[in-house]
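Asker: Next one to model:
(chains A, B, C and D, ligands or ions: 4)
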There are 2 protein chains.
Amino acid sequence: MNLTSIYDKKLRNSGLRPTKQRIKICEALFDSEKTFHFSINDLANIINNKSSLKISLATIYNTVHAFKEKGYLKQIPLNTNQAYFDTNISDHHHFYDVNDKKLIDLDNSDVGPINIYKKINGKKIKSIEVLVKLED
Amino acid sequence: MNLTSIYDKKLRNSGLRPTKQRIKICEALFDSEKTFHFSINDLANIINNKSSLKISLATIYNTVHAFKEKGYLKQIPLNTNQAYFDTNISDHHHFYDVNDKKLIDLDNSDVGPINIYKKINGKKIKSIEVLVKLED
DNA sequence: ACAAACTTTAGAATCATTATAAACTACGAA
DNA sequence: TTCGTAGTTTATAATGATTCTAAAGTTTGT
Ligand SMILES: [Mn+2]
Ligand SMILES: [Mn+2]
Ligand SMILES: [Zn+2]
Ligand SMILES: [Zn+2]
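Answerer: Ligands and ions are numbered 1, 2, ... in the order given. Take a look at the predicted model:
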C-alpha cells in the first residue's frame, strides 16, 4: 500500500473527504521520517514552492485545524504572534531558544517524571507540557 | 512609606519616570495581596472602569511590556489569540482549564522536581514552565 | 447522471498588537 | 524659576495572523 492510499484511508476514517488538497497537505506533513515544527505560513511555503498545485491559505488553515481536532497534529503553547504546530504527536516537550527563536524537541525520556500534586475538583488532566526556554 | 512612594521608587530604580499613568497601573497590578492573571484588555477594563483618569490602550501595552522587561510581570505561554500575563513572578506553573478557559496557579510545591537531561551546546536554561491542561 | 453534502477559494472582516507622530510632562541644569 | 531635552502619552493608522463569507467546484451515494 502506497502513502497516498494510506492518507486516503486516514482521511476517510476521520470523516474527511480525500481531496487532492488534503492529500498534498498530508504528504507535506507526514511523508518524512522526521517530525517537525511549523507555522501556517511555513507550511504554505513548503507546499506552494514545491508544486504546481497551489493550495489557498484558507484551505491550509482549515486542514491544519481539522488535523489538530483529529489528533494528527499538536499545537505548541508559545508566546509568539503566530501559532506553531508539531507533526510529532507523541507525548513530549520543547526547548525554545529565545535567541534563535527555534523549537527543539525534548523527548519524554529527556525529562524526568512529572508529578502534579494539586487536584482540581471535577477536572482531570488532559495533557502536561513543559516548555524550557534556552538562552546563550 | 506608602504604596505610591514604593511604586515611585520601583519605577525610578528601573529607569522609568513615575508618571501618574504608571503609578495607576502599578496600583491595579500590585496593590492586592493576591496575584492574578490578566490580558491587556482585562487590565484596561480594571483601570478604566474604576477611575476617572482614563489610560490609553497604547500606554497600557507600553507599560505592560516595560514591566515584563523589568521582570515585574511574566507572560504565560498559551495557545490563545491574546497574550496573558501574571503578577505572580515567582517560579511556578499553571493549570489551564480548557472548558472554562481559566488559568490556575500551580505553585512550585505543587509540582515535583523537574529534571531535564538533554543539553544543548552553548545554551543555558532560562526558565522551565509547565502547562497542565484540565478538562471536565 | 443527479442531488446533496462537503470542500475550496478569493476576498473581506476581525481583532490583537505595534507603529507613528504630535502634544504633553518630568527633570536636571543654569 | 525657567529652559531645554529626553522621555511619555495619546489618538490614530498600520500591520498581520486568523477567521468569515458566499460563490464556485468536487465528491459521494443512489
Ligand atoms: Mn499566545
Ligand atoms: Mn500563541
Ligand atoms: Zn515537538
Ligand atoms: Zn500564575
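Asker: How far does the longest strand along chain A sit from its chain's centre?
Answerer: Ranked by residue count, the top strand of chain A under DSSP state E comes out as strand A:124-135. On the basis of Cα atoms, centre = their mean, to the nearest Å, strand A:124-135 sits 15 Å off its chain's mean C-alpha point.
Asker: Touching it from outside, list them.
Answerer: Residues outside strand A:124-135 that contact it (Cβ atoms under 8 Å, 6 or more residues apart in numbering or on different chains) are A:76-78, A:91, A:93-99, A:104, A:106, A:111, A:114, A:116, B:77, B:98, B:114, B:116, B:120, B:123-136. For the C-beta atoms, the positions are set from N, CA and C on the backbone; glycine is no exception.
Asker: same question for it, mean pLDDT?
Answerer: The average pLDDT within strand A:124-135 is 96.
Asker: and it, anywhere near ligand 3?
Answerer: No - residues of strand A:124-135 contacting ligand 3 under Cβ under 5 Å from the ion: none, with a closest distance of 9.9 Å.
Asker: and that strand, which residues are buried?
Answerer: Buried residues in strand A:124-135, counted by 16 or more other Cβ atoms under 10 Å in any protein chain shown: A:128-134.
Asker: Equivalent analysis for stretch A:3-19, please.
Answerer: Buried, per 16+ other Cβ under 10 Å, within stretch A:3-19: A:7-8, A:10-11, A:14, A:18.
Asker: quick one on the thing from earlier: quick check: the two most widely separated of the buried residues of strand A:124-135?
Answerer: A:128 and A:134 (19.9 Å; Cβ to Cβ).
Asker: residues from chain A in reach of chain B?
Answerer: Within chain A, the positions adjacent to chain B are A:75-79, A:83, A:95, A:97-98, A:104, A:106-107, A:109-118, A:120, A:122-136 by Cβ under 8 Å from any Cβ of the partner chain.
Asker: 7 Å instead?
Answerer: Listed as neighbours of chain B in chain A under the rule Cβ under 7 Å from any Cβ of the partner chain: A:75, A:77-79, A:83, A:95, A:97-98, A:104, A:106, A:110-112, A:114-118, A:120, A:122-136.
Asker: How is the residue of chain A most remote from its centre assigned, secondary-structure-wise?
Answerer: Centroid-distance maximum for chain A: residue A:121 at 30.6 Å, with Cα atoms, centre = their mean. Secondary structure assignment for residue A:121 (DSSP: H, G, I helix; E, B strand; the rest coil): coil.
Asker: thought residue A:94 was touching residue A:75?
Answerer: No - Residue A:94 is beyond contact range of residue A:75, at 11.6 Å (criterion: Cβ atoms under 7 Å).
Asker: Between those two, tell me which one has more neighbours.
Answerer: Per other Cβ atoms under 10 Å in any protein chain shown, whichever of residue A:94 and residue A:75 has more neighbours is residue A:94, with 22 against 13.
Asker: for the more buried one, what are its contacts?
Answerer: Residues in contact with residue A:94 (Cβ atoms under 7 Å, 6 or more residues apart in numbering or on different chains) are A:76, A:103-106, A:131.
Asker: rewinding a little: sheet partners, orientation included, of the longest strand of chain A?
Answerer: Take DSSP bridges as the rule and strand A:124-135 pairs in its sheet with strand A:92-97 (parallel), strand B:124-135 (antiparallel).
Asker: between those strands, which one is nearest to residue B:23?
Answerer: Comparing the strands paired with strand A:124-135 under Cβ to Cβ, the one sitting nearest is strand B:124-135, at 28.9 Å.
Asker: For the closest one, list the C-alpha coordinates in CSV.
Answerer: This file holds the C-alpha atoms of strand B:124-135, laid out as CSV (Å, rounded to 0.1, in the frame of the first residue of the first chain):
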residue,chain,number,x,y,z
LYS,B,124,21.7,27.5,29.2
ILE,B,125,18.3,27.1,30.7
LYS,B,126,16.5,30.4,31.3
SER,B,127,13.2,29.1,32.6
ILE,B,128,11.1,25.9,32.9
GLU,B,129,7.4,26.3,32.6
VAL,B,130,4.8,23.5,32.9
LEU,B,131,1.3,23.8,31.5
VAL,B,132,-1.2,21.3,32.7
LYS,B,133,-4.4,21.3,30.6
LEU,B,134,-7.5,20.3,32.5
GLU,B,135,-10.8,19.1,31.2
